[in-house]
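[1] give the three-dimensional model of this entry:
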Amino acid sequence: MKYLRQLMIILAMCFLGQLLERICPIPIPGIVIGLILLFLALCTGIIKIEMIEDISNVLLSHMSFLFIPAGVGLMISFNVLKGKWIIFMFIVVISTIIVWIVTAYVVILLRKVHLNE
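    Numbering: from 1, shown residues only. Purely as a prediction, here's the structure:
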């Protein structure tokens, strides 16, 4: 019952995000809006971390399983990607390097802010 309650909190935030996407002309996917709402609710204390901690750990431990549909979707789109693997791999490598660099600078910035407190 505890897991169900915690899952309902997370799903309610996802639902609110989907609802806001439909109501407001925001060019952001509803699931991302839901994640932002969940983050804001956690930051403000509306939702306590203990309220979703157990189900979050369960979902994180099964994260690799949740990527299977994306992998299958990529395999289904193989004909679209055929002949474009070099460009595709170039984009993957460049975007990964950009994410690493941005993450490094964010960590450096956050560490400076944390040390100044």
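
[2] every contact and neighbour count from this point should use C-alpha atoms.
    Fine.

[3] in stretch 4-17, what counts as buried?
    Within stretch 4-17, the residues that qualify as buried by neighbour count (16 or more other C-alpha atoms under 10 Å) are Q6, L7, I9, I10, M13, C14, F15, L16, G17.

[4] the first one: what's it in contact with?
    Right, the one you point to is Q6. Q6 sits next to M51, I52, E53, D54, I55 when contact means C-alpha atoms under 8 Å, 6 or more residues apart in numbering.

[5] so what's the residue count around the fourth one?
    Summarising burial for D54: neighbours were counted as other C-alpha atoms under 10 Å, giving 15.

[6] ok, back up a step: and the buried residues of stretch 4-17 as TSV, adding pLDDT, secondary structure and distance to I97?
    Shown next, in TSV, are the buried residues of stretch 4-17 (pLDDT from 0 to 100; DSSP: H, G, I helix; E, B strand; the rest coil; distance: C-alpha to C-alpha, whole Å):
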residue	pLDDT	secondary structure	distance to I97
Q6	95	helix	35
L7	94	helix	34
I9	95	helix	35
I10	94	helix	31
M13	95	helix	32
C14	94	helix	30
F15	96	helix	33
L16	95	helix	33
G17	94	helix	30
